[in-house]
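Enquirer: Prediction below, plus the sequence it came from.
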Amino acid sequence: MPIARAGKGWIAVPLSCLFAFAAHAQEISGPYVGLGAGFFSYEEQDDETGFVVSDNSGIYRIVGGYQLNSNYAIEVSWGRSGDVEEHLFFPIATPTGFDLVPLTFGVETEIKTLRVLAFAPFSGLSMFGSLGYYDAEIDRSVLIDFPQDPLRDAFKSSESGVTVAGGIQYDWPRIALRGEYEWFDTDDIDTSAINVIAVFRF
């Protein structure tokens, strides 16, 4: 009987070590970089004319961060949207009556973010939310396509404020795949993005 008890004890010791190692292996920490792409939604209304620019475009971004542990990370990102466009026609008087002249508004946005992510990890899957700060530079362009002499103009503006995101991340030892919805708090513009980001850990 003493030999049997000793045998069970010797079995329990390596099993305990194995479980301890597995629990330790699940902990994630260290630096990472990522590449992402998605859809960018933009809507802006001019208060004076009532004209609305509303469109979706692609967006790509680069992220870099540090995973403090399996539950928290600090992350910075840089992203740029494609060209958001809105078209309309307005009448002008001509010697023979009226002609319709095309008017095109274009918007491109560059966004930088700094945010904190909180993860709720499960087996190979994490739900997460983030809160941070963004700074955006918006390039606007206007084209009035007069038949003889098209008129072009461009100008820049900036926005900054709070950004909030949430989504799901699938985790592997060195790679993670993230899907998220991100919202930007702005004064006069409604903007959001749906991103898919591949994360590579060091």
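Expert: Arrived safely, thanks for sending. The shown structure was predicted, so the numbers you read here are calculated from the model rather than taken from an experiment.
Enquirer: can you pull the contacts of residue 157?
Expert: Listed by CB atoms under 8 Å, 6 or more residues apart in numbering, the contact set of residue 157 reads 137, 138, 140. In short, each C-beta sits where N, CA and C put it, glycine included.
Enquirer: Just to check, the first one is in contact with residue 107?
Expert: No. No contact is recorded between residue 137 and residue 107 when judged using CB atoms under 8 Å, the distance being 11.2 Å.
Enquirer: the more surrounded of those two?
Expert: When residue 137 and residue 107 are compared for neighbours, residue 107 comes out ahead with 22 against 15, by other CB atoms under 10 Å.
Enquirer: which among the contacts of residue 157 gets closest to residue 100?
Expert: Proximity of the contacts of residue 157 to residue 100 was ranked by CB to CB; the top entry is residue 140 with 22.9 Å.
Enquirer: Check which helices and strands the helix or strand hosting that closest one is in contact with.
Expert: Per DSSP states H and E: residue 140 is located in strand 125-144. Packing contacts for strand 125-144, counted by 3 or more CB pairs under 8 Å, 6 or more residues apart in numbering; DSSP states H and E, involve strand 97-121, strand 151-171, strand 175-184.
Enquirer: Reformat the ones you listed as TSV; add mean pLDDT and distance to residue 90.
Expert: Listed next are those as TSV, based on pLDDT from 0 to 100; distance: least, CB to CB, whole Å:
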stretch	mean pLDDT	distance to residue 90
strand 97-121	90	6
strand 151-171	93	13
strand 175-184	96	31
